[in-house]
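> return atomic coordinates for the entry below.
(one chain, ligands or ions: 1)
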Amino acid sequence: MIRSITLSIGIALLALGLAAPSAMAQEQVSVPVLCYHRFGPMVPDSMTVTTKNFSDQMQWLKDNGYTVIPLKTLVAYLKGEGPAPAPKSVVITVDDGHKTVFTEMQPIVKKFNIPVTLFLYPSCISNPHAPYAMSWEQLKALQQTGLFDMQGHTFWHPNFKKDKKKMKPEEYAKSVQTQLVKSKNVLEKKLGTKIELLAWPYGIYDDYLESEAQKAGYVMAFSIDRRNAAKDERMMSQPRYLMQNGALPGFIAVVSGHAQAKKGKKSEVAF
Ligand SMILES: [Zn+2]
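Residues are numbered from 1 along each chain as shown. Model prediction:
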């Protein structure tokens, strides 16, 4: 009896002690979400980070007490459905489904045992006209590692800004719908998982696109606006950092929150 009372008091104290600081911290938590594209020994274009630099970045996170958390954990928190991530949390995402994710990135992901989210546009997967992209078999193999989660990046990666200018309004509306819904359906069928997160191609979004994405069943969408993701950002355009090749100090500035662009500033990639 005495032992069980002591135990109850202990649990009550523990609960009190834990509840207060976490409730206070909850409102201030923001997390850097990194957006990579391609990897390789060299840097043939602005979207490639060398495999060595990526490995050095993951080593730096490990050595400095950072934790790579699943994107879904952050999404649950941002939606008010999960606890606040611990300080020094980072999320890693990769857009487009380039085959160097399989060949170059995968060994490092396994070595450091980190969760990664891939944003894919299914028209390029297993497409002989898109030899740069992964196959469905490769995606399945990545899924089986338990470290890779797959989400949506529209069907064929359109430039919605250009489409809006050149298409008639009804044509544009139909195209947006197809890009959002067909992508989700194909990925769900081929991968057997729920697709409910979206990355905006080229970082292009607006009020209309955000509301169409919501209607299509996406619960959160991501831009490349170079700030930490946080509860006071829009749920259908949560910021991420576009990662380009560079020395370690630039990476450290990003993950430590010292490279944040002003709130409200939109970033797009031009091609
Ligand atoms: Zn993309």
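> burial of the residue in the stretch 101-250 of the chain that the ion sits nearest to, as a residue count?
Nearest residue of the stretch 101-250 of the chain to the ion, counting by CB to the ion: residue 201, 5.1 Å away. To be clear about C-beta, it is placed using only N, CA and C from the backbone, and glycine gets the same treatment. Using other CB atoms under 10 Å, residue 201 has 23 other residues around it.
> for it, give me its contacts.
121, 153-154, 157-160 (CB atoms under 8 Å, 6 or more residues apart in numbering).
> 6 Å instead?
The neighbours of residue 201, taking CB atoms under 6 Å, 6 or more residues apart in numbering as the test, are 154, 157.
> pretty sure residue 95 contacts residue 199?
Yes. The pair residue 95 and residue 199 passes the contact test of CB atoms under 6 Å, sitting 5.5 Å apart.
> between the two, which contacts overlap?
When contacts are counted by CB under 6 Å, 6+ apart, residue 95 and residue 199 are jointly contacted by 119, 153.
> got any ranges where this protein has weak pLDDT?
1-27, 270-271 (pLDDT under 70).
> how about the residues of this structure that lie near the ion?
Selection of the chain residues close to the ion by CB under 5 Å from the ion yields 95-96.
> so which residues of this structure form strands?
Taking DSSP state E, the strands of the chain run over residues 30-31, 33-36, 38-40, 48-50, 67-68, 89-95, 116-120, 148-152, 197-199, 220-222, 229-230, 241-242.
> may I have the second one as PDB, with CA atoms only?
Which is strand 33-36. Written as PDB, here are the backbone C-alpha positions of strand 33-36 (Å, rounded to 0.1, in the frame of the first residue of the first chain):
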ATOM      1  CA  VAL A  33      13.000  21.200 -43.200                       C
ATOM      2  CA  LEU A  34      15.800  20.600 -45.700                       C
ATOM      3  CA  CYS A  35      14.900  20.100 -49.400                       C
ATOM      4  CA  TYR A  36      17.500  18.200 -51.400                       C
END
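> output the contacting helices and strands for that strand.
strand 89-95 (3 or more CB pairs under 6 Å, 6 or more residues apart in numbering; DSSP states H and E).
> give me that answer again for 7 Å
Judged by 3 or more CB pairs under 7 Å, 6 or more residues apart in numbering; DSSP states H and E, strand 33-36 is in contact with strand 89-95, strand 241-242.
> contacts for stretch 227-242?
With contacts defined as CB atoms under 7 Å, 6 or more residues apart in numbering, stretch 227-242 is touched by 30-35, 74, 78, 93, 205, 210, 213-214, 220-226, 254, 257, 260-261, 263, 269.
> re the thing from before, any chance of the helices and strands packed on strand 33-36 in a markdown table, with mean neighbour count too?
Compiled in a markdown table, these are given as follows (neighbours: other CB atoms under 10 Å):
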| stretch | mean neighbour count |
| --- | --- |
| strand 89-95 | 24 |
| strand 241-242 | 23 |
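> and the residue in the chain that the ion sits nearest to, what is it in contact with?
Of all residues in the chain, residue 95 sits closest to the ion, at 4.0 Å by CB to the ion. Residue 95 makes contacts with 35, 37, 119, 153, 199, as judged by CB under 7 Å, 6+ apart.
> quick one: the helices in this structure?
If DSSP state H is used as the criterion, the helices of the chain fall at 2-26, 51-63, 71-78, 100, 106-112, 136-144, 160-166, 169-191, 207-215, 248-255.
> show me what the nearest residue to residue 93 once chain neighbours are set aside is bridged to.
What sits nearest to residue 93 in space, not counting adjacent residues and going by CB to CB, 6 or more residues apart in numbering, is residue 117, at 4.7 Å. On the basis of DSSP bridges, residue 117 takes part in beta bridges with residue 93, residue 149.
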